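Enquirer: could you look at this predicted model? Sequence included:
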Amino acid sequence: MKRIDDKIKEIEKKEKRNNVLFIAFIIVVVAFMGYALQAEKAKKAKDDEINELGQTLEEANDSLQDLNVQLQNTIETLKQSLTPQGFWDDVKKDGSAQAYIDYLTQKKINILHPDEGLEKLKNDAKGTEAWLFCGRMNGSNFNERISKVILRSGTEEDTDISKTKPEIGDILENTSNNRETYRRFGSGNVVQNSKNNPDKAWKRGTRAVVTDVQMGGDAVFIKIKF
């Protein structure tokens, strides 16, 4: 009887040991599955990052290619604008008085159309037109000058015209202070109640073309566009 009891106890011990081993096996399997699942998630996240990075790099490459095309076009445009004809085309496209003045007075690029440029400046260019006092005549001398003549059509380049009385078509540079301007001229003087706002003053150091010249006694008045 005792042997039977011992046998039963031995069987129970083996059964407990087997249960412990089974539970341990289950724990190991669950842990491995958890690790495998986490590893799969990490792999998927990494793959997503790689795919996103690849897409970003592809988009960046496309942007760089587009930028390269734009730069090439800009370079080509600049090259064209530095030619005499390209410069003239740019001035006409701009259409401002300042663009035509810059075109006619610069020395670096050959001026293909000086006469046409001057006519367009006087008649068609966009800008401010205004009257102002510019000096006085004393016999043949022009005094109290506020500006100097820097360009006169038909004059030799080495001729000193800077201190002469302005003529229609001359390009002048303001050598004094900012000058008040007026919208109208009449009875030998500018019309006082037609004074322009300060933003339309002729600024010191800037240039303008003469579109009309009138006398008021010995005083010289000019209409300019700038």
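Expert: Alright, I've got the coordinates.
Enquirer: would you map the helices across this protein?
Expert: Here the chain has its helices, by DSSP state H, at 2-81, 84-94, 97-105, 114-123.
Enquirer: domain map for this structure?
Expert: Here the domain assignment for the chain is 1-81, 84-124, 128-225, based on automatic domain parsing.
Enquirer: by mean pLDDT, show me the worst of the helices of the chain.
Expert: Across the helices of the chain, helix 2-81 has the smallest mean pLDDT, namely a mean of 66.
Enquirer: what's the burial count for the residue lying closest to residue 104 once chain neighbours are set aside?
Expert: Leaving aside its sequence neighbours, residue 104 sits nearest to residue 117 (Cβ to Cβ, 6 or more residues apart in numbering; 5.3 Å). Heads up, the C-betas are built off the backbone N, CA and C, glycines and all. For residue 117, the count of nearby residues is 20 (other Cβ atoms under 10 Å).
Enquirer: distance check, residue 117 against residue 107.
Expert: Separation of residue 117 from residue 107 (Cβ to Cβ, to the nearest Å): 15 Å.
Enquirer: now residue 46
Expert: 65 Å.
Enquirer: and the two? which has more neighbours close in?
Expert: Neighbours per residue, other Cβ under 10 Å: of residue 46 and residue 107, the larger number sits with residue 46, 10 against 7.
Enquirer: Provide the partner residues of the closest residue to residue 145 other than its chain neighbours in its beta bridges.
Expert: Of all residues not flanking residue 145 in the chain, residue 135 sits nearest, at 4.5 Å (Cβ to Cβ, 6+ apart). Taking DSSP bridges, one obtains residue 220 as the residues bridged to residue 135.
Enquirer: if I pick residue 135, what's in contact with it?
Expert: Going by Cβ atoms under 8 Å, 6 or more residues apart in numbering, residue 135 touches 142, 143, 144, 145, 146, 165, 219, 220.
Enquirer: coming back round to it: wait, the residue nearest to residue 104 touches residue 106, no?
Expert: No. With contacts counted by Cβ atoms under 8 Å, residue 117 stays clear of residue 106, the gap being 11.2 Å.
Enquirer: hey, what's in contact with both of the two?
Expert: Taking Cβ under 8 Å, 6+ apart as the contact rule, residue 117 and residue 106 touch no residue in common.
Enquirer: okay, the residue nearest to residue 137 when sequence neighbours are not counted: pLDDT?
Expert: Leaving aside its chain neighbours, residue 137 sits nearest to residue 218 (5.0 Å; criterion: Cβ to Cβ, 6+ apart). At residue 218, the pLDDT value in this model is 97.
Enquirer: and for residue 176?
Expert: So residue 176 comes in at 96 (pLDDT).
Enquirer: what count of nearby residues applies to the nearest residue to it once chain neighbours are set aside?
Expert: Closest residue to residue 176 apart from its sequence neighbours, by Cβ to Cβ, 6+ apart: residue 146 at 4.2 Å. Counted with other Cβ under 10 Å, residues neighbouring residue 146 total 18.
Enquirer: my read: residue 146 touches residue 180, true?
Expert: No. Here residue 146 does not reach residue 180: they are 10.9 Å apart, not a contact under Cβ under 8 Å.
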